[in-house]
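K.L.:
Sequence first, predicted coordinates after that:
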2 protein chains.
Amino acid sequence: MKEMDQVWSDHKTFLSEAEVQIQEGLQSKVALVNKVTHHILSSGGKRIRPLLLIISAHLCDYHDKERIYLSSGILEFIHTATLLHDDVIDNAEVRRGIAPARILWGNQASILVGDYLYTLALSHAVQMHSFEMNTLLASTCLRMAEGETLQLSHNGNLKMGETTYLEIIELKTAMLISASCRLGAVIAKTSEEKKEALGQFGKNIGIAFQVADDTLDYVADGKRLGKSLGEDLREGKITLPLLHLLKHCRKEDQDGLNEIMDSKNFDHNNLSKVIKLMRSHGSIDYALKQAQDYANKAKSALSVFPDSPQRQYLMTIADYVVQRDH
Amino acid sequence: MKEMDQVWSDHKTFLSEAEVQIQEGLQSKVALVNKVTHHILSSGGKRIRPLLLIISAHLCDYHDKERIYLSSGILEFIHTATLLHDDVIDNAEVRRGIAPARILWGNQASILVGDYLYTLALSHAVQMHSFEMNTLLASTCLRMAEGETLQLSHNGNLKMGETTYLEIIELKTAMLISASCRLGAVIAKTSEEKKEALGQFGKNIGIAFQVADDTLDYVADGKRLGKSLGEDLREGKITLPLLHLLKHCRKEDQDGLNEIMDSKNFDHNNLSKVIKLMRSHGSIDYALKQAQDYANKAKSALSVFPDSPQRQYLMTIADYVVQRDH
């Protein structure tokens, strides 16, 4: 099995070339648009979606660099648009360890440049003359917006339930990762079976990633992820470890959790209480196990492909997304 | 020449049928999405863009109701998305005399449902299988986002100049009105000359409308337009009558205007000063004359079409957009 570092370094040239196209595709005649897009697209994103697209296309024996790079840009523009809007929605003070666009240029610029990037993505997609690709991307964006709205409407709702939680993360996160993989098969014009397999692979690693990320919010060292412990709780985002805890803890503890949520007091003391309860009820382990199950499901979806370096790359990525150091 | 009321009533059946399709196209499985979209799409918008599309299609001898209605919905979704985001950008307290979505459901919901409507529009457009239509709509949305960002970056800038002002309103307002007219010709698959003529007609009535609307902000009775006098000034939006005044008033008056803008004190006293200066320098008349010139340019663009009831409808609309009671 290849290591994740190897996966990145084996695609370094490809990704650098894609990066040039991404940056070139960004030029606007409005200076403020350029400032904001340059800031957010140069602030350390890993380009996991372009990487997935490139490997998926190669796995389907497709190597047209121009179309792969154009598609990479489209995915990154959509992803970046969601980041700009998310930061406004979440009142984010920091993104990947640095000040987000909304702090530097204000919420208004973040909203409008987000709109710009969404439409830039769909505008580039139109130029690729593929009905299937445009349908996939448009429906992905639509579902993502629904997912974000669904999340908002359940903000602070402790009665949300695991099914709704999973629906939210599938829509808001997994759809675009699924589309990144499926798109590789779509531009390759390969079989429906392979498109579906790559779509399923992407969906499941997307869910795995988000479950792991949400769980590590109660575990991770704040510095490393560029955000502090319990950030989701502070924002009213109810995630899997908390839902597990609520289901399995005693009535008194449930009441205590309700009280903390109602008071909106997430100081060190209250946060420690929550995390301690999670640990004693195995909620963190449960959630990480769920993430691993989704990663395994993703790997199974690849069984339609014979073994190859490309398939191995994807297998490595499936394991990587649930690791603690992404 | 037909009166505007006549234009509306002659298209009443058509518009009601389009409305049914618009509402049907909106259904989401996320309740909050439905609440917000239903609120904003039922709050008294006049559907001027669908009206322009319908008349333009008829003028090009195209009568396929289904495609006309679908296209109407797409235009209205895009327009509504911009309203939702604009209200957040402007901190709007009122829209068309009632509370906007951001007051009822918050800025977050307004941003996300705006994203939903943008992508719903482009998603419906993809389903219409027309490369030309998709290119037109995507580039329109892109230019609109640029226009809004350009406006934001010149907020409060008294040195902006008329050229930049006109560029902003062309991008943020006139592009979509132009696209509404051109789209009628595009779905009709008519000649390039007619597409261009309708595009030019739309662009010029769009500019005429925005110049008139911006000017009436210093004239209009607040109740009628659902917004109060001098609203743009309060929001730092520098519009044509103010630019005219700045160019033609004495140095002391310029300093006074700069002081008012810097102090951000737009009380009755300061507002009266500004309006009095505008009146004495003919700034209101100048701006309204400009609006009328654009309306005339719009009408000239229609010379490629022989006279017909449809052409007369458009002529009436061109006059209507610069009138005081739209």
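P.N.:
Now that the structure is in, tell me what you want to look at.
K.L.:
Tell me where the stretch 151-300 of chain A is predicted with low confidence.
P.N.:
Across the stretch 151-300 of chain A, the ranges flagged by pLDDT under 70 are A:220-228.
K.L.:
can you rerun that using 50?
P.N.:
Filtered on pLDDT under 50, the stretch 151-300 of chain A yields the residue ranges A:224-226.
K.L.:
Run through the residues of it sitting next to chain B.
P.N.:
Contact residues (C-beta under 8 Å from any C-beta of the partner chain) of the stretch 151-300 of chain A with chain B: A:152-153. The C-beta positions use only the backbone N, C-alpha and C, and glycine is treated the same way.
K.L.:
Now do the contacts for residue A:148.
P.N.:
Listed by C-beta atoms under 8 Å, 6 or more residues apart in numbering or on different chains, the contact set of residue A:148 reads A:82, A:85-86, A:89, A:171-172, B:112, B:115.
K.L.:
Am I right that it sits in a helix?
P.N.:
Yes. Residue A:148 sits within a helix when classified using DSSP: H, G, I helix; E, B strand; the rest coil.
K.L.:
Could I get the pLDDT score of it?
P.N.:
For residue A:148, the model assigns a pLDDT of 95.
K.L.:
hang on, the earlier thing: CSV please, covering the contacts of residue A:148 and showing neighbour count and distance to residue A:151.
P.N.:
CSV is the format used below for the contacts of residue A:148 (neighbours: other C-beta atoms under 10 Å in any protein chain shown; distance: C-beta to C-beta, whole Å):
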residue, neighbour count, distance to residue A:151
A:82, 22, 12
A:85, 27, 12
A:86, 19, 10
A:89, 24, 9
A:171, 22, 8
A:172, 22, 6
B:112, 31, 9
B:115, 27, 13
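K.L.:
Sort out which one of the residues you listed lies nearest residue B:51 for me.
P.N.:
Using C-beta to C-beta, residue B:115 comes nearest to residue B:51 of these, at 26.4 Å.
K.L.:
what's around residue A:105, how many residues?
P.N.:
Neighbour count for residue A:105, taken as other C-beta atoms under 10 Å in any protein chain shown: 20.
K.L.:
Next, work out how far apart it and residue A:85 are.
P.N.:
14 Å (C-beta to C-beta, to the nearest Å).
K.L.:
Kindly report the same for residue A:110.
P.N.:
Here the criterion is C-beta to C-beta. By it, residue A:110 lies 7 Å from residue A:85.
K.L.:
hang on, the earlier thing: what touches both of residue A:105 and residue A:85?
P.N.:
By C-beta under 8 Å, 6+ apart, residue A:105 and residue A:85 have no common neighbours.
K.L.:
What segments of the stretch 151-300 of chain A are helices?
P.N.:
Secondary structure of the stretch 151-300 of chain A, counting by DSSP state H, counting those that start in this stretch: helices at A:162-169, A:175-187, A:192-216, A:222-225, A:231-234, A:240-248, A:251-263, A:268-280, A:283-301.
K.L.:
so which of these gets nearest residue B:63?
P.N.:
Taking the helices of the stretch 151-300 of chain A one by one with C-beta to C-beta, helix A:175-187 is closest: 35.5 Å.
K.L.:
Please list the residues of the stretch 1-150 of chain A that sit near chain B.
P.N.:
Residues of the stretch 1-150 of chain A that fall close to chain B, judged by C-beta under 8 Å from any C-beta: A:28-33, A:85, A:88-89, A:107-109, A:111-116, A:118-120, A:122-123, A:125-127, A:129, A:131, A:134-135, A:138-139, A:141-142, A:144-146, A:148-150.
K.L.:
ChimeraX command to pick out the buried ones of those residues?
P.N.:
In ChimeraX syntax, the buried subset of the residues of the stretch 1-150 of chain A next to chain B is picked out as below (16 or more other C-beta atoms under 10 Å in any protein chain shown):
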select /A:28,30,32,33,85,88,89,107,108,109,111,112,113,114,115,116,118,119,120,122,123,125,126,134,138,139,141,142,144,145,146,148,149,150
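K.L.:
Among the residues of the stretch 1-150 of chain A next to chain B, which lie within helices?
P.N.:
Using DSSP state H, the subset of the residues of the stretch 1-150 of chain A next to chain B located in helices is A:31-33, A:85, A:88-89, A:107-109, A:111-116, A:118-120, A:122-123, A:125-127, A:131, A:134-135, A:138-139, A:141-142, A:144-146, A:148-150.
K.L.:
Just the pLDDT for residue A:323.
P.N.:
Note on residue A:323: pLDDT of 84.
K.L.:
That one belongs to a strand, doesn't it?
P.N.:
No. Using three-state DSSP, the assignment for residue A:323 is coil, not a strand.
K.L.:
can you tell me how far it sits from residue A:173?
P.N.:
Taking C-beta to C-beta as the measure, residue A:323 and residue A:173 are separated by 17 Å.
K.L.:
More neighbours: which of these two?
P.N.:
Ranked by neighbour count (other C-beta under 10 Å), residue A:323 and residue A:173 place residue A:173 first, with 21 against 12.
K.L.:
Contacts only, for the closest residue to that one other than its chain neighbours.
P.N.:
Excluding its sequence neighbours, the residue lying closest to residue A:173 (C-beta to C-beta, 6 or more residues apart in numbering or on different chains) is residue A:210, at 4.3 Å. Shown in contact with residue A:210 (C-beta under 8 Å, 6+ apart): A:169, A:172-174.
K.L.:
And the residues you listed, which is closest to chain B?
P.N.:
For those, the closest approach to chain B (C-beta to the nearest C-beta) belongs to residue A:172, at 10.1 Å.
K.L.:
is it true that the closest one touches residue A:147?
P.N.:
Yes. With contact defined as C-beta atoms under 8 Å, residue A:172 reaches residue A:147; the gap is 3.4 Å.
K.L.:
which other residues reach stretch A:69-78?
P.N.:
Residues from elsewhere that reach stretch A:69-78, judged by C-beta under 8 Å, 6+ apart: A:17-18, A:21-22, A:25, A:41, A:45, A:47, A:49-50, A:53-54, A:117-118, A:120-121, A:124-125, A:127-128, A:133, A:137, A:140-141, A:144, A:176, A:179-180, A:183-184, A:187.
K.L.:
what's near enough to touch the residue of chain A most remote from its centre?
P.N.:
The C-alpha centroid of chain A is most remote from residue A:252, which lies 35.1 Å away (C-alpha atoms, centre = their mean). By C-beta under 8 Å, 6+ apart, the contact list for residue A:252 is empty.
K.L.:
Residue A:40 now?
P.N.:
Contacts of residue A:40 by C-beta under 8 Å, 6+ apart are A:80, A:83-84, A:100-101, A:113.
K.L.:
Ok, residue A:104 next?
P.N.:
Per C-beta under 8 Å, 6+ apart, neighbours of residue A:104: residue A:39.
K.L.:
so where is the stretch 1-150 of chain A shaky, pLDDT-wise?
P.N.:
Applying pLDDT under 50 to the stretch 1-150 of chain A flags no residue at all.
K.L.:
Swap in 80 and give it another go.
P.N.:
Counting by pLDDT under 80, the low-confidence segments of the stretch 1-150 of chain A come to A:1-2, A:43-44, A:94-97.
K.L.:
tell me which element the nearest residue to residue A:41 once chain neighbours are set aside is part of?
P.N.:
Once flanking residues are discounted, residue A:41 sits nearest to residue A:80: 5.9 Å by C-beta to C-beta, 6+ apart. Using DSSP states H and E, residue A:80 sits in helix A:65-89.
K.L.:
What's the separation between the residue nearest to residue A:173 and chain B?
P.N.:
Distance of residue A:210 to chain B, computed by C-beta to the nearest C-beta, to the nearest Å: 18 Å.
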